[in-house]
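Visitor: fold the following and give me the result.
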Amino acid sequence: MTPSRLAKYKATLAYRQLDLTIITDHVRNSQNIAALLRTCDAVGVHSAHVVIPEDGFKEHKRTARGSQQWVNMVAHDTIDSALKKAKTQGMQLVSANFSDKAIDFRELDYTLPTALILGAEMHGVSAAAIAASDHQVVIPMLGMVHSLNVSVAAAIILLEAQRQRGLQGSYNTPQLVGLEYEQTLFRWSYPKISDFCLRYGLDYPAMAADGSIVNLSQWYAQAKKEAQQGSASQHCVISSRASILSIS
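Guide: Residues are numbered from 1 along each chain as shown. Predicted coordinates for the structure are as follows:
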């Protein structure tokens, strides 16, 4: 962990918006999901809500998976689950949907807590999502084609949200604080150790101010013991200190 890398992580997390998110309404193409997460990262979205299609995602060999490292992807089995989650967080539900009720996307106030709902390819936003929406927005277009790729549409709308929030000063005061900030910073800094802890249900080790792990040897000894106990039924035992040190 270099000082410049740690500083970059901290600066990026300071811009994260907890009250701005997207909801994918059965978007099936994994390449589109990756592009959506990339845009979320670019505008400071901390978590994105993804409804998993019943038959899974349509994989693409060029799908960029790195975006998931920087944006929390919250999976949902149904659109109702995702909508309910956003509503309980006090967000306005905004559907990107071409209809008589839709307004120009630039007319909406995105400085309010907002969840942008993005529909599946060809089918658009579902009837259930439209019924639950507080607003519908559309991107005016002057050509023969009346729709954009879902990731392109999301980028246009989210960049408007970023513009409005920037003018209001929403990025000047960190929203991500406390335990969630600390855990996110650790996950970004030590993704392999984070995965190890998740696999065995272990707490993250403490990080020092310079980004190093506090008492790594002591933590390793305890982690090894707990991992051995937790994985006994799976006949999986951590056998050497290198197994931990090599992933840091």
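
Visitor: and stretch 14-31, C-alpha only, in CSV?
Guide: Extracted in CSV, the C-alpha atoms of stretch 14-31 (Å, rounded to 0.1, in the frame of the first residue of the first chain):
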residue,chain,number,x,y,z
ALA,A,14,-15.0,11.2,0.5
TYR,A,15,-17.1,11.8,-2.6
ARG,A,16,-19.3,8.7,-2.3
GLN,A,17,-23.0,9.5,-2.3
LEU,A,18,-25.2,7.2,-0.1
ASP,A,19,-28.4,8.8,-1.3
LEU,A,20,-27.9,8.3,-5.1
THR,A,21,-28.3,4.9,-6.6
ILE,A,22,-29.6,2.9,-9.6
ILE,A,23,-32.0,0.0,-9.8
THR,A,24,-31.7,-2.3,-12.8
ASP,A,25,-35.0,-3.8,-13.8
HIS,A,26,-33.9,-7.2,-15.2
VAL,A,27,-31.1,-5.8,-17.4
ARG,A,28,-29.7,-9.1,-18.7
ASN,A,29,-26.5,-8.2,-20.5
SER,A,30,-23.4,-8.5,-18.2
GLN,A,31,-21.5,-6.0,-20.3
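
Visitor: from the middle of its chain, how far away would that stretch be?
Guide: 6 Å (CA atoms, centre = their mean, to the nearest Å).

Visitor: use 800 as the first number for this chain going forward.
Guide: All set: I'll call the first residue 800, so the last point we hit is now stretch 813-830.

Visitor: now the helices for this protein?
Guide: In the chain, the helices defined using DSSP state H lie at 802-813, 829-842, 878-887, 926-931, 949-967, 977-988, 990-999, 1015-1029, 1041-1044.

Visitor: where does pLDDT dip in this structure?
Guide: 854-866, 920, 1029-1047 (pLDDT under 70).

Visitor: domains for it, by residue range?
Guide: 816-967, 977-1044 (automatic domain parsing).

Visitor: would TSV of these with distance to residue 800 and mean neighbour count be doable?
Guide: From N, CA and C alone the C-beta is placed, and that goes for glycine too. TSV is the format used below for the domains of the chain (distance: least, CB to CB, whole Å; neighbours: other CB atoms under 10 Å):
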stretch	distance to residue 800	mean neighbour count
domain 816-967	15	17
domain 977-1044	4	14
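
Visitor: now tabulate those domains in TSV and tack on distance to residue 805.
Guide: As requested, the domains of the chain are arranged in TSV below (distance: least, CB to CB, whole Å):
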stretch	distance to residue 805
domain 816-967	15
domain 977-1044	4
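
Visitor: contacting residues around residue 819?
Guide: For residue 819, the contact set (CB atoms under 8 Å, 6 or more residues apart in numbering) comprises 842, 843, 844, 909, 912, 913, 957, 960, 964.

Visitor: measure it to residue 955 for me?
Guide: Residue 819 is 15 Å from residue 955, where distance means CB to CB, to the nearest Å.

Visitor: please tell me how far residue 823 sits from residue 938.
Guide: 17 Å.

Visitor: same check on residue 971?
Guide: 28 Å.

Visitor: now residue 879
Guide: 26 Å.

Visitor: for residue 975, same thing?
Guide: 29 Å.

Visitor: now do residue 831
Guide: 16 Å.

Visitor: what does residue 837 give?
Guide: Distance, residue 837 to residue 938, using CB to CB: 19 Å.

Visitor: residue 802 is nearest to which of the domains of the chain?
Guide: Proximity to residue 802 (CB to CB) singles out domain 977-1044 among the domains of the chain, at 7.2 Å.
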